[in-house]
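Chemist: what's the 3D shape of this:
(6 chains)
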Number of protein chains: 4
Amino acid sequence: MVPRPRSEKARQSVLDAMRAALSSHAYEAVTIEGLAAEAEVSKQTIYRWWPSKAAILGEALLEGGLPGADVAVPFTPDLAADLRAWFSAMSASLADADGVAIARALIVITASDPELGLALNEKLAAPIREWVGSRVALAVSAGDVRADADAAAIADQFVAMASYAALLGRPLSDERVDATVSVLLRGISA
Amino acid sequence: MVPRPRSEKARQSVLDAMRAALSSHAYEAVTIEGLAAEAEVSKQTIYRWWPSKAAILGEALLEGGLPGADVAVPFTPDLAADLRAWFSAMSASLADADGVAIARALIVITASDPELGLALNEKLAAPIREWVGSRVALAVSAGDVRADADAAAIADQFVAMASYAALLGRPLSDERVDATVSVLLRGISA
Amino acid sequence: MVPRPRSEKARQSVLDAMRAALSSHAYEAVTIEGLAAEAEVSKQTIYRWWPSKAAILGEALLEGGLPGADVAVPFTPDLAADLRAWFSAMSASLADADGVAIARALIVITASDPELGLALNEKLAAPIREWVGSRVALAVSAGDVRADADAAAIADQFVAMASYAALLGRPLSDERVDATVSVLLRGISA
Amino acid sequence: MVPRPRSEKARQSVLDAMRAALSSHAYEAVTIEGLAAEAEVSKQTIYRWWPSKAAILGEALLEGGLPGADVAVPFTPDLAADLRAWFSAMSASLADADGVAIARALIVITASDPELGLALNEKLAAPIREWVGSRVALAVSAGDVRADADAAAIADQFVAMASYAALLGRPLSDERVDATVSVLLRGISA
DNA sequence: GGCTAATCGAGACGGTACGTCTGGTCTTGCG
DNA sequence: CGCAAGACCAGACGTACCGTCTCGATTAGCC
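Modeler: Purely as a prediction, here's the structure:
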């Protein structure tokens, strides 16, 4: 009478299989059949619960954590140094093999399924905007930065730069980080 | 001794078919068999000359012109206005259906075949860097901008922003263009 | 746990398609893709169950009946007349369009896949050997034929002759039947 | 005015390539492209002079000698011994690797191109009929055999038996040779 | 010694079928 | 009802040959 509930074990197996698969193949080489085999789950179970490969990855990432989202850099009085440290840390988390794979997967998903892509990007960008926003607000109150500084535009520039670097597989060197921070910072400095 | 030379007609048919296909389907939905049928060319002829679908698109773009690469905005004495006009035009050329399709295709290619992707991005970015570079140089000599302005970093920011906007399918509104130009410009203004 | 069982309908469709195809084309012109289309079955379903075109034909024949194998001629007291009647009937069943097509297909299969060919030939020859064997045994007990008559050698001669005639597409005329029976019969008559 | 004559060298190269190919692959695995490559001849040269793969093999065989056609067994006073010796020799020439390959190729050709097949079989069978015919005629004049012996029917039986054995890849053992000769011989002995 | 016309090599071309792979749907019975 | 198992239809993949079609570059004789 009471239907059997969805198997949490099967769900986790599939998400784990997706994470594992992305570590060793490109996103496009990941196959639903392969995931099913790796997760020891039937194909039907996957199709029953997820509408697409992208959705599986989305769920895996939302659950397991997005790269670059968890960097936590303490505030110091030096705005430029903070931005540099934070941007470096974020770049680094995108530069290892898994980070690049995930970033590329995100990009491909976004290019092919804009709806899901936007949602994932929002999730990814939100903590970045938040961090930049609060750090800039602090700088404003400290008088380091003009009061009308557009923190959102700044954050967007960081996100765009990081995304572009990840796409090209071109890790952000210290010089690039410096140059980016310099340009953006001068744009708002008091 | 001397074989029949490669058929230029067949080559053009394939490139045209790729351009046409991209106008109506997503890049991933484009099929080599479909191209062959559309171009009235045998599959083998395609495989003989191109190693991958990405290579066909690459050649089609290199030959037919990349979106955003051909914007030519005349220089006026107003640096900010010039940058706004130019960035708006570039955004627009990426915003129509074909532009978005091509941009997304480029992104997917880059994510799956970094080598080719880098080359294509270089081709795409080069005229942008050049335009920004020469306009900024002009501004420097006019004294509008500090002498140590990092034109390359500025150009990279524009490219990254345009790429990110195209990826998200989020056309750049005038407000965004203004905000971007403002931030970047203030970073270098004298 | 328990997979969907093999579709008997699909299996029969494929065998029927093979029989139909052989009626209108030569065996070598029969195509797996054509069979799949005709049977309204996917190629994969064919490849899942049969290793080769020859195997499909083999199964179709084993199931549907081999030509020449089903001739049933009643025994009369006249050995020569019985052999003539039987050999004529067998020749006739190999002489119509389908019979020739099947015989040639069998020959091509045997020439290209000896293992399967031998098995099919064995199936084809067995009832012939049996019929000839029992009729000759009867003749022996009636004293018409010497006791050491080698029925197997006689049967082999019939089979070889029929096969050779089918190969050449040269139907066995009454004269050839008579001549063959005469020669073979005199070799064993008492 | 006078065109360049056909290159005998190219012609021989192709025939040699066909003979060589048959020694290592099955007839159906021999490709025109392979022959052209092996013979260092262009495909067009082959298509210019031969209408089909079968025609090449036909010409190669007619020129190079058919297996079983060249057995020459001296006549002795013992008819049975002569037939046994001759049939053994013919079987042997069909039993080595090349013989089997050629015999099977002949069979496949005959099954797929009856016209050419008949012609080749005629060429192959003619010396056999001749040899059997003259030996039987000698036996008739020696009084060993009834005057109305049908030498052609006998010869056909030998040919059919040899063909069937070659098809099955079943070499004719001494026992089979003995059994065949016994049955056929008793059919005509005086 | 040139002229000329078919032959030759090389291999591109439009096709067709191959056998494989994956996608997404369906049909089983077990738990 | 969820699930594993896997058969099913569909259709693209990249490869192999087919037989036809250009291309020069040779070669014969005959002028």
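Chemist: do the lowest-mean-pLDDT helix or strand in chain A and chain B meet at all?
Modeler: For chain A, the helix or strand with the lowest mean confidence is helix A:97-112, at a mean of 84 (criterion: mean pLDDT, DSSP states H and E). Yes. Using Cβ under 8 Å from any Cβ of the partner chain, helix A:97-112 reaches chain B at A:104, A:107-108, A:110-112. (Glycine included, C-beta is placed from N, CA and C.)
Chemist: including distance to B:Ala126, could the residues you listed go into JSON lines?
Modeler: Output for the residues of helix A:97-112 next to chain B, formatted as JSON lines (distance: Cβ to Cβ, whole Å):
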{"residue": "A:Arg104", "distance to B:Ala126": "23"}
{"residue": "A:Ile107", "distance to B:Ala126": "22"}
{"residue": "A:Val108", "distance to B:Ala126": "25"}
{"residue": "A:Thr110", "distance to B:Ala126": "25"}
{"residue": "A:Ala111", "distance to B:Ala126": "22"}
{"residue": "A:Ser112", "distance to B:Ala126": "27"}
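Chemist: for the residues you listed, which one is nearest A:Leu120?
Modeler: In terms of Cβ to Cβ, no member of those lies closer to A:Leu120 than A:Thr110, at 7.1 Å.
Chemist: got the contact list for the closest one?
Modeler: Neighbour list for A:Thr110: A:116-118, A:120-121, B:167-168 [criterion: Cβ atoms under 8 Å, 6 or more residues apart in numbering or on different chains].
Chemist: gap between it and DNA strand F?
Modeler: A:Thr110 is 22 Å from DNA strand F, where distance means Cβ to the nearest atom of the strand, to the nearest Å.
Chemist: what's the spacing between that residue and B:Arg170?
Modeler: Distance, A:Thr110 to B:Arg170, by Cβ to Cβ, to the nearest Å: 11 Å.
Chemist: what is in contact with the two at once?
Modeler: By Cβ under 8 Å, 6+ apart, A:Thr110 and B:Arg170 have these common neighbours: A:Leu118.
Chemist: sec struct for the residue nearest to A:Ala95 when sequence neighbours are not counted, please.
Modeler: Among residues not flanking A:Ala95 along the chain, A:Pro171 sits closest, at 4.4 Å (Cβ to Cβ, 6 or more residues apart in numbering or on different chains). Under DSSP: H, G, I helix; E, B strand; the rest coil, A:Pro171 falls in the coil class.
Chemist: can you list the residues of chain A near DNA strand F?
Modeler: Within reach of DNA strand F by Cβ under 7 Å from any atom of the strand, chain A has these residues: A:3-7, A:10, A:40-45, A:48-49.
Chemist: biggest separation within the residues you listed, which pair?
Modeler: Largest separation among the residues of chain A next to DNA strand F by Cβ to Cβ: A:Pro3 and A:Glu40, giving 22.4 Å.
Chemist: which helix in chain A has the most residues?
Modeler: helix A:114-142 (DSSP state H).
Chemist: what's the distance between that one and the middle of its chain?
Modeler: 11 Å (Cα atoms, centre = their mean, to the nearest Å).
Chemist: measure A:Asp148 to A:Val140 for me?
Modeler: Taking Cβ to Cβ, one finds A:Asp148 at 9 Å from A:Val140.
Chemist: how close does A:Asp150 sit to B:Ala179?
Modeler: 6 Å.
Chemist: for chain C, what's the nearest residue on chain A?
Modeler: In chain A, no residue comes nearer to chain C than A:Ser42, which is 9.9 Å away by Cβ to the nearest Cβ.
Chemist: ok, that residue - contacts?
Modeler: Counted by Cβ under 8 Å, 6+ apart, A:Ser42 has contacts A:Ala36.
Chemist: and for the one 10 residues further on?
Modeler: Under the criterion of Cβ under 8 Å, 6+ apart, the neighbours of A:Ser52 are A:113, A:116.
Chemist: then A:Ala162?
Modeler: Residues near A:Ala162 by Cβ under 8 Å, 6+ apart: A:68, A:87, A:90-91, A:94, A:172.
Chemist: after the helix or strand containing it, which helix or strand is next?
Modeler: Assigned by DSSP states H and E, A:Ala162 belongs to helix A:151-168. Using DSSP H and E, the helix or strand that directly follows helix A:151-168 along the chain is helix A:174-186.
Chemist: count the neighbours of A:Ala111 for me.
Modeler: 27 (other Cβ atoms under 10 Å in any protein chain shown).
Chemist: sorry, that was for A:Val100
Modeler: With other Cβ under 10 Å as criterion, A:Val100 counts 18.
Chemist: repeat that for A:Ser88.
Modeler: For A:Ser88, the neighbour count with other Cβ under 10 Å is 18.
Chemist: excluding chain neighbours, what is closest to it?
Modeler: With Cβ to Cβ, 6+ apart as the criterion, A:Ser88 has its nearest non-adjacent residue at 5.4 Å, and that residue is A:Val177.
Chemist: before we move on, what about A:Arg129?
Modeler: A:Ala155 (4.3 Å).
Chemist: go ahead and confirm that neighbour touches A:Ala126.
Modeler: No. In this structure A:Ala155 lies outside contact range of A:Ala126 using Cβ atoms under 8 Å: 9.8 Å.
Chemist: which one's more surrounded, these two?
Modeler: A:Ala155 (21 against 13).
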